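A.B. asks: Show me how the following folds:
(chains A and B)
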Amino acid sequence: MRYAETGFNLEIDLSRGNIERVATDPRLTELHIGGLGTNARILWDRVPPEIEPFSPDNLLIFSTGLLCGTPAPGANRTMVTAYSPQTLLMGYSMMGGFWAPELKHAGYDKVIFRGKSPNLIYLWIQNDKVEIRDASHLRGKGANETAELIKQELKEPNAQVAAIGLAGENKVYMASIEQGRSSASRLGLGAVMGDKGIKAIAVRGTKDINLARPDEFIELCNEVLKYIRAREEKPVPGVMPILAGLGSPQEMKLVDEKWHTENFSWGNARVRKKEFWTQEVEEKWKETQLNVRTRLISCYNCPMKCGAMISVPGISTYMMKCFSKLTYTMAAFSDLDFGFRIAQRATEYGVDGFSTPQVMAFAVELYEAGILTDADFAGCPSDNEGRFYWLLDRIVQREGIGEVLANGTHWAAQQIGKGAEEYAHNNIKKHEQLPLKLGMLNPVYFLMYATGEKINITQIEGQFPQSPFPTMEEREDFVKDWIQVPDEKFKQYLLDWELRGEKSNPYYPTVDMSVDIVDWQEMMHYIDDATGICAGLSSFPLKPPYHIHNLPLFISAATGVDMDEAGLKQVYRRNRNLIRAINVRRGLRRADEKPPEDHWRKRFPELETQLLDAYYKFRGWNNDGIPTKETLHELGLDYITEDFEQRGIFENGKGQQKPRTKRGSKK
Amino acid sequence: MKKVKVIKIDVDKCNGCRACEVICSAFHASPKYSSNNPERSRIRLIHDPLKDLYLPVQAGEYTKAECTGRDKYVLDGKEYDECDFCRASCPSRDLFKEPDSGLPLKCDMCESDPPLSEPMCVQWCLNDALTYEEREEEETEEEKLEDVEIGLESMVNKYGLEKVIDTVARMSKKD
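C.D. replies: Predicted coordinates for the structure are as follows:
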């Protein structure tokens, strides 16, 4: 018997309509843990780098994490993987909610799609019964609407449904995969789902999930719950309210948005509004939020309440999580009421709440600069909010200017030309970033932005405070019960970190310290992405209940596989290098590892070079960001060396693919 | 005095996480905690998020027959489905039945030796949608009347005690 995992994947060949239940190799669990780790392994093994994202040979993998469905609190994440149509690299998107545990209970660890269906279909998984069903009647339906209709037609109110909206059907590069409470939004994997002709995946499972050493495991769970209770009663002092507690930033619970509205940029990531958060705004926004928020909700088996039911009078109820509350509002220079309204439509369409508002604000800027013209905006309402609704509709339908904008700011700028590239100013690796524009370079954040394979800061950062505490007293207080540190040295880094002077940004934390800190933060995320534990209880917040000291115990007790800290760190390094190798094989090089020019006002080219050099060296990569033979050998990844040698990737400049040009992506 | 164990359910505090189902099914697995499966849980969250329905219900008594006629509640403008508030394992629905055997499930308040401080679902509900109460209840021992007494009582009601006594006395003399 396999413990924690089921030991089976579902392989769906959409071109042939073939469904297979395939036993997996337990050795892969030991090497990669599961979730993102094993997804990456499958992608490496089965999808060569020549395959385009919209090729039938691109795989689309929906995976549970190793601990999903076990009683481990917050282990509920679904990891979705395919080559991304936007970045052309490994697309790596995740969602919480209820889908992954349900799939485990149905008896599968992953669903792997290949091929393309000639017609729009949905997959219905009910334990051993798996059907490809016609979805032509669901074409054009909203993502939540689709989920409700499928549950009704199957007469299965308890089925969990992951669906795309119109954006996914039309292969919009910001298309998300929605699951009611949660969504896999980043990097356009909804478009890959649409390209394959999959409208939705409905799952219902009623089988057991087994644990190898149950008593030990439940004791660990009880400790985590106890810690959460205590931690929630003791918010971290001296940090902004949304970062003081656990979970993802508590955007739904809290109404204080001083920090976001004054520090994040409005419009197309341009304008800081320093004095925005007045008492008047606070009262108005508070009223708006409390009026539409009917309940705070969680994902499967998690005591947090990071999401909310939102009922705006006159439009359908939907569920919101985290920061999409403000992205539309701030992109449009509007207010919170507008944000809640347009997010409902965007959720039904199924689009990424980070990229989409930015693409719309980008279009508005281009129009104001005369690069886009009245002809491009023909039929667009003149009022600000109306313009955003109009743009959203055009993008999702790929109509008129929407056909171009639907490819995201990077590709749209290239297609539009006439200097539009200057306006796609907030991307890394072709992907829109948080609209954050700051003064002084933070060396740790520089490295995370530059080198992150997820291309999304919130899925890399965490654990280490974003800025120093002003007084020694506060620092001492913070490190006192900082049990999560992998090494005592991190406490000293924080104790010595000053707001100003010699030991402040950008030269402190020093280059080596910065690398250490990044390594710790990345490690925790990579482990979560393999186990399926939510970052909100683990890698993201300060002082979380899960950490490097108890996670190996969870994995061992759940699976019976021997796993200690050293072993888990080795798995992390293996997964980190495997994902880097996939992207290297797709053409990623040092030249791509650049945060937006204007991310910090004060830049330090020499220091940035040193940081990147040191990070690559620490990782065992060459100066171009490519893992060396020695590194790969130490991690048991000689098969990558072999592949790199055949392709001439180790030789400088060789094996690097030509910059990819955009191919048409018409309906 | 008898002990009454109560799980108090505050539906407004429920965040819909279903931790109660997870830990209940794990606790009742054999060996304890060796597996989990909400389908075997003796507490289930009846929910329909878009209608804001969140209702944890513990398994109650097994019943052989469905109700004749059903209830439908509207509370606070929210319409609950028929049977939502019912705790029975009943032929009308799949709820509270072992998925393999179909045998009925019933909440036992996590009875165990040594006893737990609180049932596991309550311990795992960090939002306090489920809280536990114990109270002592006086056992009012109603005297059970026998059939003859019941008959006599109604005669007394109808004819008065005196007449009944007289009649009984007269009847006893005859023998």
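A.B. asks: Setting aside sequence neighbours, what's the nearest residue to A:Ile401?
C.D. replies: Excluding its sequence neighbours, the residue lying closest to A:Ile401 (CB to CB, 6 or more residues apart in numbering or on different chains) is A:Asp376, at 4.3 Å. C-beta here means a position set from N, CA and C on the backbone, and glycine is covered the same way.
A.B. asks: Over to B:Lys8?
C.D. replies: Per CB to CB, 6+ apart, closest to B:Lys8 is B:Thr131, 4.8 Å.
A.B. asks: elements contacting the helix or strand A:Gly439 falls within?
C.D. replies: Assigned by DSSP states H and E, A:Gly439 belongs to strand A:438-440. If contacts are counted by 3 or more CB pairs under 8 Å, 6 or more residues apart in numbering or on different chains; DSSP states H and E, strand A:438-440 sits against strand A:600-602.
A.B. asks: And for the strand it packs on, what's in contact with it?
C.D. replies: Contacts with strand A:600-602, where a contact means CB atoms under 8 Å, 6 or more residues apart in numbering or on different chains, come from A:437-442, A:446, A:506.
A.B. asks: List the pairing partners of that strand within its sheet, with orientation.
C.D. replies: Strand A:600-602 has the following strand partners under DSSP bridges: strand A:438-440 (parallel).
A.B. asks: ok, what's across the strand from residue 62?
C.D. replies: Picked chain A for this. Beta bridges link A:Phe62 to A:Val80, A:Val111, judged by DSSP bridges.
A.B. asks: nope, chain B please
C.D. replies: Beta bridges link B:Tyr62 to B:Ser89, judged by DSSP bridges.
A.B. asks: What ranges in the stretch 101-250 of chain A fall below the confidence cut-off?
C.D. replies: Counting by pLDDT under 70, the stretch 101-250 of chain A contains no low-confidence segment.
A.B. asks: residue of it with the smallest distance to chain B?
C.D. replies: Relative to chain B, the nearest point of the stretch 101-250 of chain A is A:Pro214 (3.5 Å; CB to the nearest CB).
A.B. asks: which residues does that residue contact?
C.D. replies: Taking CB under 8 Å, 6+ apart as the test, what A:Pro214 contacts is B:26, B:29, B:31-34.
A.B. asks: Need the buried ones from those residues selected in PyMOL.
C.D. replies: Applied in PyMOL, the following selects the buried portion of the contacts of A:Pro214 according to 16 or more other CB atoms under 10 Å in any protein chain shown:
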select buried, chain B and resi 26+29+33+34
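A.B. asks: between the contacts of A:Pro214, which is closest to chain A?
C.D. replies: B:Tyr33 (3.5 Å).
A.B. asks: pretty sure the closest one belongs to a strand, no?
C.D. replies: No: under DSSP: H, G, I helix; E, B strand; the rest coil, B:Tyr33 falls outside any strand and is assigned coil.
A.B. asks: does it really touch A:Asn210, like I thought?
C.D. replies: No: the pair B:Tyr33 and A:Asn210 fails to qualify as a contact (CB atoms under 8 Å) at a distance of 10.3 Å.
A.B. asks: Name the SS class of the closest residue to A:Ala163 other than its chain neighbours, please.
C.D. replies: Nearest non-adjacent residue to A:Ala163, counting by CB to CB, 6+ apart: A:Ala200, 3.7 Å away. Taking three-state DSSP as the rule, one finds A:Ala200 in the strand state.
A.B. asks: Roughly how far does A:Ala200 sit from A:Val80?
C.D. replies: 13 Å (CB to CB, to the nearest Å).
A.B. asks: in the sheet, who's paired with the most centrally placed residue in chain A?
C.D. replies: Centre of chain A computed as the mean C-alpha position; nearest residue by CA atoms, centre = their mean is A:Ser93, 4.6 Å away. A:Ser93 forms beta bridges with A:Val80, as assigned by DSSP bridges.
A.B. asks: now the spatially most central residue of chain B: how far from chain A?
C.D. replies: Most central in chain B under CA atoms, centre = their mean is B:Gly60, positioned 4.6 Å from the mean C-alpha point. Distance, B:Gly60 to chain A, by CB to the nearest CB, to the nearest Å: 20 Å.
A.B. asks: Tell me who's in contact with A:Val80.
C.D. replies: For A:Val80, the contact set (CB under 8 Å, 6+ apart) comprises A:60-63, A:91, A:93-95, A:177, A:184, A:189.
A.B. asks: Hmm, I typed the wrong one, I wanted A:His137.
C.D. replies: If a contact means CB under 8 Å, 6+ apart, then A:His137 has no contacts.
A.B. asks: Assign a three-state SS to it, would you?
C.D. replies: Under three-state DSSP, A:His137 comes out as helix.
A.B. asks: any weak-confidence spans in chain B?
C.D. replies: Low-confidence segments of chain B (pLDDT under 70): B:175.
A.B. asks: hmm, the helix or strand bottoming out on mean pLDDT in chain A touching chain B?
C.D. replies: Ranked by mean pLDDT, DSSP states H and E, the weakest helix or strand in chain A is strand A:318-321, scoring a mean of 90. Yes: legend: contact between strand A:318-321 and chain B by CB under 8 Å from any CB of the partner chain is shown at A:318-319.
A.B. asks: Just give me how far that strand sits from the chain centre.
C.D. replies: Relative to its parent chain, strand A:318-321 has a centroid offset of 17 Å by CA atoms, centre = their mean, to the nearest Å.
A.B. asks: How about stretch A:137-146?
C.D. replies: From the chain centre to the centre of stretch A:137-146 is a distance of 24 Å (CA atoms, centre = their mean).
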